[in-house]
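Asker: Starting from these lines, generate the structure:
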Amino acid sequence: QQSGRRYNLFLKRRLRIDKRHQSKDSIFFRDGVRRIDFVLSYVDDLSKEVEKKLERRKEFESNLQKAGLELETEDKKESEDGKIFFVKIHAPWEVLITYAEVLNIKVPIKENDIPSTVENPLDCMLFPLRLPEKVMHPEPDYFTAPFSKDKQELYLINDENTFFSPSVRNRIVNYILTRCPYGTEEGKKKFGIKRLLNNGTYTAAYPLHDCQYWKKANDPNCDNERYTLYMEWARFLRFYKEQPLDLIRKYYGEKIGIYFAWLGFYTEMLFLAAVVGLICFLYGLFTMDENMSSKEICDPAIGGEIIMCPLCDQECDYWRLNTTCESSQYSHLFDNVATLFFAIFMGIWVTLFLEFWKRRQARLKYEWDLVDFEEEQQQLQLRPEYEAKCTQKKRNPVTQEMEPYLPLTSQAVRFCISGTTVLFWVSLIIASMIAVIVYRLAVYAAFASLMENTQTLQPISGLLTPQLATSVTASCLNFVIIMILNFFYERIAIWITDMEIPRTHMEYENRLTMKMFLFQFVNYYSSCFYVAFFKGKFVGYPGAYTYMFNRWRNEECDPAGCLIELTTQLTIVMAGKQIWGNIQEAFVPWICNWWGRRKARNNPENLYSRWEQDHDLQTFGALGLFYEYLEMVIQFGFITLFVASFPLAPLLALMNNILEIRVDSWKLTTQYRRPVAAKAHSIGVWQEILNGMAILSVVTNAFIVAFTSDMIPRLVYYYAYYENEDSPMSGYINNSLSVFQISDFPDRNKPKENPENFVICRYRDYRYPPDHERKYLHTMQFWHILAAKLAFIIIMEHVVFIVKFFVAWMIPDVPADVKARIKREKYLTQKILHEYELEKLKERLCQGDKRATEKEFIATEGRMELSRAM
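Answerer: Okay, the predicted model is just below:
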């Protein structure tokens, strides 16, 4: 009986193989002629709504056919698992030309005869970075015009099957799918594939990849663009090559193309920042031995004789300054004169990056025929969710049609709930940051005691000080909390944005973007802001320390400054985020797809069709690019807002982005279904966010140099308080430490033991000694330094802002040659269209068409002359 079942299964499979003569890579209907432009899938379920779903599908597919689309259904018996039905959709020529006119799609009318710009003399040096011309420019450059059904002979239509690219075809079909009705429920007209996916009527809707990514298709009519993208773009070994942006745009659409163009340009600009940052770091490395401050700290006769006050109450002992020798030397790597130069340089670099990106974006708009593209028309369509949830209607003042709307009272309530939720989560982040601060304060004494009493830690006690151990563990803990909060808030942000019921797709995306960015900004940067601007600033002085919640004593900075701790914090959070992000992006979809593909391993090749292969891939989703942009913008904040503390940040970002480009391209090409092509002429609201962060970065870096680093105190000492003319910086450490009489310690602060009977201890501040009449009050030097810090902030901000605005004014947003080409193309396109209309008018006159009057002929010629004059 079992052998009989096996024989029947063999016959069934054999019958399926004989029935389907197509390759598994076929992207055509069974006739091998009509191209599959879209695929819908569904399963027969046993739920109570099975009848309703069947009725919806029947109505929806009937309406699709009425719209002119052609359907072909693959029975579930033909699918690999015997459960899934596939509906293949083909858009015939008549449908394509109808909706090409509706969507204002530009098509070629003449090959571009404008000479290309002068070749770059460095092209020969850049040849190893270039891709083959056929990959970089898969299509000739054409003059284009919006499609019109009445002027088909004007366009360069060589083959109706290939005139519209697959990405344009799937965009047109998706336009129909999102608007096609499927019946009336509860008195409301229902339409759109998105609703049908949400209610489970269909399980998936996607366009097909044109072939497998690792080998070319057997079908000679297949363009194999996915294979080309994988071989030339998506492999890591091609990391040094330029990106085939035109091919990306042709295959995935302009929206994805503009993202990779921006990411590539950002990475190119990072190269300059990384080189300058590396030079600044090397300057600190090579001048480490010349740093007078660390020399004095490490000198047994100076640092070894300076007794420092305890860093915590009762449990901590007095300590000698030279125990921080190694950390003070490493602090010089980032806290030196080059830091100031690099902070100013990055303020200007940000402006150059944003201005040159505008120029690059303008060039892409011209090359990709997006000059006259109105993104608002695409994005201002009502969201299906808005129409479904808004029961009331009012007349649109523009269209004079009745449209659904959300009452003002409902909007107010929803915004209040939304605002309260966002405020709660931001407060939760701040609370978690305070918890980490409390952790730092609570464990410091434990680390100090552990390192003092544990012999095995003595060899590294110079490098791993209690301050550094506390900072590293707190940074790691903070990173874990960041990831956990981030995981939950992503879902909360989507939920509250859905609850607000935004009217259009653009509103939805912008609201979600601002919520997510606000949260991520506070989540990722709050700990860095604490270390940069609060730690060590409000500690008081021995005998009058400041306490958090009247229990934990506020943290002090290392005698060499807080900058090294900010560097540590920044490195752990930034590097940790980038490593975790790449692991998440690469391995999660790969594991999911590996699990889904197991079922097809033992099946004959013919049984696992192209639509089934793509069905088993991950869905890129409407917010796929949103998360990619968000990740890069957060990284942009790390390399701009706090770059004065870590000149190597741009180098880390550069290495990450080289990997990021290939990881994103690999997962998009190999692990995800083909996204529906969408148009976009810019990076949208992210441009404004980048502009805001660029301005904020000037302020934060000015404050870091002034208040977090020791730059200003050293300069004030060098010019005004030096004691040795031959070596102006000698004596700085002694000058920067105030004296405290141990007998003045209250019992709460006094250490339990003082075996060496110290009489005085030193602390980091500028206060009068105990024998002065203004005992423990700030000295005049403190006020001089404070005035110098404030003056430096004002001067640096004004200098950088003036340079920034001057550079922005000097660099036009649109290159001159692009402006000229746009004007030239508009003129030639109008000329071609007018000549075409004139020829058609002449033909009508010759044929005796009475409607073609002489006045119409004269008016047409006049319009041509006017066009030439303009």
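Asker: all contacts plus neighbour counts: C-alpha atoms, from now on.
Answerer: Noted.
Asker: and residue 394, what does it touch?
Answerer: Counting by CA atoms under 8 Å, 6 or more residues apart in numbering, residue 394 makes contact with 402, 403, 404, 405.
Asker: Would you list the buried entries among these?
Answerer: Buried by 16 or more other CA atoms under 10 Å: 404, 405, out of the contacts of residue 394.
Asker: Please identify which of the contacts of residue 394 is nearest to residue 271.
Answerer: Nearest to residue 271, judged by CA to CA, of these is residue 405 at 49.6 Å.
Asker: element containing residue 108?
Answerer: strand 106-111 (DSSP states H and E).
Asker: Show me what that strand pairs with in its sheet, parallel or antiparallel.
Answerer: The strands that strand 106-111 pairs with in its sheet are strand 142-146 (antiparallel) (by DSSP bridges).
Asker: Could you pull out the helices in the stretch 1-150 of the chain for me?
Answerer: Assigned by DSSP state H, counting those that start in this stretch, the helices in the stretch 1-150 of the chain fall at 2-19, 50-66, 93-102, 133-136.
Asker: Could you do the stretch 151-300 of the chain as well?
Answerer: Going by DSSP H, counting those that start in this stretch, the stretch 151-300 of the chain shows helices at 160-163, 166-177, 193-198, 225-229, 245-252, 254-286, 292-298.
Asker: want to throw those helices into a markdown table with distance to residue 96?
Answerer: Below are the helices of the stretch 151-300 of the chain laid out as a markdown table (distance: least, CA to CA, whole Å):
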| stretch | distance to residue 96 |
| --- | --- |
| helix 160-163 | 10 |
| helix 166-177 | 7 |
| helix 193-198 | 19 |
| helix 225-229 | 22 |
| helix 245-252 | 17 |
| helix 254-286 | 19 |
| helix 292-298 | 74 |
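Asker: of all these, which lies closest to residue 512?
Answerer: That would be helix 254-286 among the helices of the stretch 151-300 of the chain, by CA to CA, at 18.0 Å.
Asker: Can you name every helix or strand that the closest one contacts?
Answerer: Using 3 or more CA pairs under 8 Å, 6 or more residues apart in numbering; DSSP states H and E as the contact test, the elements touching helix 254-286 are helix 245-252, helix 337-367, helix 624-641, helix 649-666.
Asker: starting at the chain centroid, how far to the shortest one?
Answerer: Taking the mean of its C-alpha atoms, helix 245-252 sits 19 Å from the chain's own mean (CA atoms, centre = their mean, to the nearest Å).
Asker: And the strands in the stretch 701-850 of the chain?
Answerer: Secondary structure of the stretch 701-850 of the chain (DSSP state E, counting those that start in this stretch): strands at 737-741, 760-764.
Asker: Now tabulate the ones you listed in TSV and tack on mean neighbour count and distance to residue 334.
Answerer: Shown next, in TSV, are the strands of the stretch 701-850 of the chain (neighbours: other CA atoms under 10 Å; distance: least, CA to CA, whole Å):
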stretch	mean neighbour count	distance to residue 334
strand 737-741	21	22
strand 760-764	21	20
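Asker: Of the ones you listed, which is nearest residue 568?
Answerer: Per CA to CA, nearest to residue 568 of the strands of the stretch 701-850 of the chain: strand 760-764, 21.1 Å.
Asker: Need the contact partners of that closest one.
Answerer: Contact with strand 760-764 is made by 306-309, 318, 541-542, 559, 736-742, as judged by CA under 8 Å, 6+ apart.
Asker: Among these, which one sits closest to residue 251?
Answerer: Of those, the one sitting nearest to residue 251 (CA to CA) turns out to be residue 559, at 57.8 Å.
Asker: number of nearby residues for the closest residue to residue 311 other than its chain neighbours?
Answerer: For residue 311, the nearest residue in space outside its immediate sequence neighbours is residue 556; the separation is 7.3 Å by CA to CA, 6 or more residues apart in numbering. When counting by other CA atoms under 10 Å, one arrives at 20 neighbours for residue 556.
Asker: Which strand or helix spans residue 556?
Answerer: Using DSSP H and E, residue 556 sits within no helix or strand.
Asker: Read off the pLDDT value for the nearest residue to residue 717 once chain neighbours are set aside.
Answerer: Nearest non-adjacent residue to residue 717, counting by CA to CA, 6+ apart: residue 732, 6.9 Å away. What the model reports for residue 732 is a pLDDT of 90.
Asker: what's near enough to touch residue 732?
Answerer: So residue 732 contacts 293, 714, 717, 722 (CA under 8 Å, 6+ apart).
Asker: I'd like the distance between the last one and residue 781.
Answerer: Right, residue 722. For residue 722, the distance to residue 781 equals 12 Å [CA to CA, to the nearest Å].
Asker: Kindly report the same for the third one.
Answerer: When CA to CA is the yardstick, residue 717 and residue 781 sit 9 Å from each other.
Asker: Pick out the residue closest to the middle of this structure.
Answerer: residue 629 (2.0 Å; CA atoms, centre = their mean).
Asker: who's in contact with that residue?
Answerer: Contacts of residue 629 by CA under 8 Å, 6+ apart are 259, 686.
Asker: any idea how far it lies from residue 221?
Answerer: Distance, residue 629 to residue 221, by CA to CA: 36 Å.
Asker: next one: residue 847
Answerer: From residue 847 to residue 221 the distance is 42 Å (CA to CA).
Asker: And residue 791, by the same measure?
Answerer: Distance from residue 791 to residue 221, by CA to CA: 70 Å.
Asker: repeat for residue 836
Answerer: Remark: distance between residue 836 and residue 221 (CA to CA) = 33 Å.
Asker: Now do stretch 702-721: distance from first to last residue.
Answerer: End to end - CA to CA - stretch 702-721 spans 24 Å.
Asker: Now find how far off-centre it is within its chain.
Answerer: 36 Å.
Asker: and it, what's its mean pLDDT?
Answerer: Mean per-residue pLDDT for stretch 702-721: 90.
Asker: Check which residues of it are buried.
Answerer: 702-718, 721.
Asker: Mind checking which of these are in helices?
Answerer: 702, 703, 711, 712, 713, 714, 715, 716 (DSSP state H).
Asker: Which residues are in contact with the fourth one?
Answerer: By CA under 8 Å, 6+ apart, the contact set of residue 712 is 705, 706, 785, 788, 789.
Asker: Next, count neighbours for the residue nearest to residue 209 when sequence neighbours are not counted.
Answerer: Closest residue in space to residue 209, ignoring its immediate chain neighbours: residue 674 at 5.7 Å, by CA to CA, 6+ apart. Using other CA under 10 Å, residue 674 is surrounded by 23 other residues.
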